[in-house]
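Trainee: Got a predicted model here, sequence first, then my questions.
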Amino acid sequence: MYVVATAGHVDHGKSTLVRALTGMEPDRLAEEQRRGLTIDLGFAWTTLPSGREVAFVDVPGHERFLGNMLAGVGPAPVVCFVVAADQGWQAQSSDHRDAIVALGIEHGLVAITRADLASPQQLAGTEAQIRAQLAGTPLEDAPVVVVSAAKDLDQGAREPDRDLRDPGVRRDDEECRDPDAPPTAGLDEFIARLDEVLATTPAPDPDARVRLWVDRSFSIKGSGTVVTGSLTAGTLHNDDRLELVGESGRRPVRVRGLHSRNTAVPSVTPHARAAVNLRDLAADTVHRGDALLTPDSWPVVDAVDVRRRTGAGFVDGPRQLVVHVGTAAVQARVRPFGDDHARLTLDHALPLQVGDRLVLRNPGGHSVYAGVLVLDVDPPTLRRRGDGARWAAQLEARPATGDPGAEVARRGAMRPEQLRRFGIGGLEMPPGNVDEMQQHGTWWVHRPALQEWARQLQQAVGRKLRDEPLAPGLSEGAAVDLLRRLDLPLPDAALLPLVVRTAGLESQQGALRPPGRATDLGEAEASVVQLERRLREHPFAAPEADELAALRLGPRQLAAAERAGRLLRLGGGVILLPQGPALAMRRLAALDQPFTTSEARQALDTTRRVAIPLLELLDSRGWTRRVDSTRRTIVR
Ligand SMILES: Nc1nc2c(ncn2[C@@H]2O[C@H](COP(=O)(O)OP(=O)(O)O)[C@@H](O)[C@H]2O)c(=O)[nH]1
Ligand SMILES: [Mg+2]
């Protein structure tokens with residue numbers, strides 16, 4: 001299916017054309033039918049003789065409803081631009097053209113309508129105007145078809161007094177008309193041209209992530225809430241879990257049923273009009289401008305940096321504008337970076353990607369202010385003097401499709417999936433950046449950033465060990481905190497091992513330190529030497545608490561001595577030499593096996609305070625084994 005939006009000045013025959021093509025009534029509101037005026041979007045569809053299915057989104061032409069018009073055209077890939085032959089190019093013809101250009105819609109055709117109401121001169125004039133007004137736009141070479149689409153020409157302005165005429169007198173202008181011919185002309189030609197345009201429209205990607213901009217929300221008795229929209233990419237399935245993002249925040253939702261062309265379907269592929277029945281959701285919590293998304297696959301952002309493509313510049317422009325994208329219309333604050341670039345801070349967050357086209361409108365105005373392209377969906381906060389100017393220069397240099405290398409460099413490291421979420425790049429390392437990039441697991445890392453993190457980490461570890469020589473090193477937690485606080489913060493703790501390696505540090509039990517560094521015991525050195533000497537003479541006469549206190553060996557000093565491989569700490573504050581357990585094994589091996597704790601104590605010439613934790617250590621090392629509740633044997 002293809003989705004085609006109408007565009008053009010009010011009363012130029014858009015709805016009439018849709019009606020003639022589809023046999024359906026696009027003006028669905030009672031007020032619209034009473035006033036003969038399209039106020040809101042209308043929907044109608046048909047199957048072309050070629051078999052192509054077309055859904056029309058019929059938009060209002062009146063200037064007061066430009067917002068509704070933009071919601072209709074915003075998500076449409078193809079446009080049918082309508083100008084009345086008898087009225088020629090008018091104000092909203094220009095506005096709608098500007099909107100189409102701003103949105104970057106490249107496919108479409110032009111219908112010159114109400115041809116039966118125009119003289120040949122008027123018709124030629126209108127056609128010339130159209131050519132002139134569309135020159136330089138993507139619709140410049142669009143086919144132009146002349147049509148008369150009113151079903152009942154009697155209602156037209158052409159023959160208001162027909163009933164008053166003498167039926168016996170034939171008038172000249174009726175001479176060549178077959179009274180039974182359908183009161184329309186050019187429709188077959190229009191359909192043929194439309195078919196050609198659709199044939200050249202690029203095929204949408206059914207595997208893409210879904211972003212369905214909601215244009216209507218209503219509730220159906222027994223089914224609950226239904227939202228509709230034009231699906232331009234991705235596939236919707238029954239039972240899908242999606243995310244609803246909009247004015248009232250973000251929430252997970254579940255698809256209960258799908259309709260396309262008023263028929264229940266198990267899935268909807270693009271392009272299509274889709275009606276989505278959502279589970280457990282009140283209809284008044286969903287609005288036009290909300291979007292149904294593939295969960296966790298879109299950046300939902302309230303600030304974007306943009307580049308102007310059409311319309312007026314930013315510097316002398318308003319500081320408050322309405323941003324139109326998809327079916328959404330959101331107020332935004334404008335911070336210009338020169339005439340061509342600006343930051344838009346949105347009143348509420350929207351799912352946006354690099355490359356999205358936005359239409360900017362003056363809050364009070366009825367015309368398009370400018371059309372912009374989203375360049376950055378994760379712009380940095382600019383705090384310091386000069387930040388703005390530097391950033392402006394970066395934006396100016398940025399290609400419209402985004403620059404994966406620059407994105408990675410700015411953040412130091414990124415995952416390709418993150419870039420894809422932004423709407424930039426594929427899986428490949430961007431060429432030209434290869435030298436500066438290094439792959440680490442699923443990350444791309446910018447080498448200069450990595451070097452800087454490593455340098456900062458080395459310094460922090462150095463500081464830590466200078467301030468606290470007995471410390472095991474800088475804890476990994478403290479390292480991550482430090483690296484996250486830098487001007488270019490480490491984006492993820494998962495990158496710490498890479499930084500540690502690059503810094504030439506090693507990690508031992510969560511502490512970072514230079515490898516093979518002998519622990520400097522500082523003031524504790526002399527006491528440890530004294531203790532070592534004593535333990536070499538009486539290996540199992542572990543020092544008592546008061547002796548350790550006299551030597552000023554507290555838990556920190558003892559832990560440092562243990563890390564340095566000088567002492568061994570057992571449970572219960574028992575201190576031995578590191579070779580104590582091996583020495584004990586030699587003596588225990590000389591005993592009759594199995595042996596009791598008391599026999600072991602005597603053989604080691606020590607107390608129960610020492611013997612029990614020592615035997616437990618030997619058990620845990622698998623060097624001895626309990627045979628019953630009182631006896632052990634050595635394991636050979
Ligand atoms: N005679 C004639 N009248 C037309 C034709 N197309 C539209 N009209 C009339 O023009 C008026 C505006 O048409 P409408 O479709 O509502 O215009 P829209 O505002 O662009 O949707 C209506 O009175 C239509 O009947 C046409 O081809 N011939
Ligand atoms: Mg209309």
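Mentor: Everything's here; your move. Note that the structure is a prediction, hence the values are computed from the model and not measured. Ligands and ions are numbered 1, 2, ... in the order given.
Trainee: where's the residue in the stretch 201-350 of the chain positioned nearest to ligand 1 relative to Leu583, distance?
Mentor: Taking C-beta to the nearest ligand atom as the measure, the stretch 201-350 of the chain has Asp215 as its residue closest to ligand 1, at 17.5 Å. C-betas here are computed from N, CA, C, even on glycine. Per C-beta to C-beta, to the nearest Å, Asp215 is found 84 Å from Leu583.
Trainee: In CSV, list the C-alpha atoms belonging to the strand or helix carrying Gln133.
Mentor: Taking DSSP states H and E as the criterion, the element that holds Gln133 is helix 120-134. This file holds the C-alpha atoms of helix 120-134, laid out as CSV (Å, rounded to 0.1, in the frame of the first residue of the first chain):
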residue,chain,number,x,y,z
PRO,A,120,-8.6,27.7,-21.6
GLN,A,121,-6.7,30.9,-20.7
GLN,A,122,-7.2,30.5,-17.0
LEU,A,123,-6.1,26.9,-17.3
ALA,A,124,-2.9,27.8,-19.1
GLY,A,125,-2.2,30.6,-16.6
THR,A,126,-2.6,28.3,-13.7
GLU,A,127,-0.4,25.7,-15.2
ALA,A,128,2.3,28.4,-15.8
GLN,A,129,2.0,29.6,-12.2
ILE,A,130,2.4,26.1,-10.9
ARG,A,131,5.6,25.5,-13.0
ALA,A,132,7.0,28.8,-11.7
GLN,A,133,6.1,28.2,-8.1
LEU,A,134,7.4,24.7,-7.9
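Trainee: ok, and what's touching that helix?
Mentor: The contact list for helix 120-134 (C-beta atoms under 8 Å, 6 or more residues apart in numbering) reads 81, 83-89, 93-94, 97, 110, 112, 115, 118, 140, 142, 144, 146.
Trainee: Do me a favour and average the pLDDT over that helix.
Mentor: Helix 120-134 shows a mean pLDDT of 96.
Trainee: and the helix or strand following it, which strands flank it?
Mentor: Later in the chain than helix 120-134, the nearest helix or strand by DSSP H and E is strand 144-146. Strands that pair with strand 144-146, judged by DSSP bridges, come out as strand 107-113 (parallel).
Trainee: hmm, the strand it pairs with in reach of ligand 2?
Mentor: No - Strand 107-113 lies apart from ligand 2 when judged by C-beta under 5 Å from the ion; the minimum separation is 11.1 Å.
Trainee: follow-up on the earlier one: quick one: the residue of the stretch 201-350 of the chain closest to ligand 1 and Ala71 touch, right?
Mentor: Yes - contact criterion C-beta atoms under 8 Å: Asp215 and Ala71 qualify, at 5.8 Å.
Trainee: neighbour-wise, which of these two wins?
Mentor: Comparing Asp215 with Ala71 by other C-beta atoms under 10 Å, the one with more neighbours is Ala71, at 28 against 24.
Trainee: Once you drop chain neighbours, what's closest to that one?
Mentor: Thr327 (4.0 Å; C-beta to C-beta, 6 or more residues apart in numbering).
Trainee: From Val359, how far out is the one you found?
Mentor: According to C-beta to C-beta, Thr327 stands 12 Å off from Val359.
Trainee: so what's in contact with these two at the same time?
Mentor: Residues touching both Thr327 and Val359 (C-beta under 8 Å, 6+ apart): Gly74.
Trainee: Just the pLDDT at Gly510, thanks.
Mentor: Listed pLDDT for Gly510 reads 86.
Trainee: swap that for Leu465, please
Mentor: So Leu465 comes in at 84 (pLDDT).
Trainee: That one and His62: what is the separation?
Mentor: Separation of Leu465 from His62 (C-beta to C-beta) stands at 75 Å.
Trainee: Leaving out the residues flanking it, which one is nearest to the closest residue to ligand 2 within the stretch 501-636 of the chain?
Mentor: Distance from ligand 2 to each residue of the stretch 501-636 of the chain (C-beta to the ion) is smallest for Thr502, at 64.6 Å. Nearest residue to Thr502 in three dimensions, chain neighbours excluded: Ala454, at 4.1 Å (C-beta to C-beta, 6+ apart).
Trainee: Over to Pro204?
Mentor: In space, Pro204 comes closest to Pro270 once its chain neighbours are excluded; the distance is 3.8 Å by C-beta to C-beta, 6+ apart.
Trainee: What distance do you get for the one you found to ligand 2?
Mentor: Distance of Pro270 to ligand 2, computed by C-beta to the ion, to the nearest Å: 26 Å.
Trainee: where in this protein is pLDDT low?
Mentor: Per-residue confidence for the chain (pLDDT under 70) gives these ranges: 151-183, 426-434, 516-520.
Trainee: Contacts only, for the most centrally placed residue in it.
Mentor: Nearest residue to the geometric centre of the chain (C-alpha atoms, centre = their mean): Pro299, 2.1 Å. Applying C-beta under 8 Å, 6+ apart to Pro299 gives the contacts Pro351, Leu352, Gln353, Val377, Asp378, Arg421, Phe422.
Trainee: my guess is the second one meets Val377, correct?
Mentor: Yes - the criterion here is C-beta under 8 Å, and Leu352 meets it with Val377 at 5.4 Å.
Trainee: quick one: common contacting residues for the two?
Mentor: The contact sets of Leu352 and Val377 overlap at Pro299, Val301, Val304 (C-beta under 8 Å, 6+ apart).
Trainee: re earlier: what residues are up against the residue of the stretch 201-350 of the chain closest to ligand 1?
Mentor: The contact partners of Asp215, by C-beta under 8 Å, 6+ apart, come to Leu41, Val57, Ala71, Gly72, Pro75, Thr228, Gly229, Ser230, Arg288, Thr327.
Trainee: I figured the residue nearest to Ala71 was touching Arg288, is that so?
Mentor: Yes - using C-beta under 8 Å, Thr327 makes contact with Arg288 at a distance of 5.1 Å.
Trainee: okay, these two: which has more neighbours?
Mentor: With neighbours defined as other C-beta under 10 Å, Thr327 and Arg288 compare such that Thr327 has more, 26 against 23.
Trainee: Regarding Leu360, what is its secondary structure?
Mentor: strand (DSSP: H, G, I helix; E, B strand; the rest coil).
Trainee: That one contacts Tyr369, correct?
Mentor: Yes - counting by C-beta under 8 Å, Leu360 sits close enough to Tyr369 to count as a contact (4.6 Å).
Trainee: And those two? Which one has more around it.
Mentor: The residue with more neighbours, out of Leu360 and Tyr369, is Leu360; 26 against 23, by other C-beta under 10 Å.
Trainee: quick one, what contacts the more buried one?
Mentor: Contacts of Leu360 were listed using C-beta under 8 Å, 6+ apart, and they are Ala102, Gly311, Leu321, Val322, Val323, His324, Ala332, Val368, Tyr369, Ala370, Gly371, Val372.
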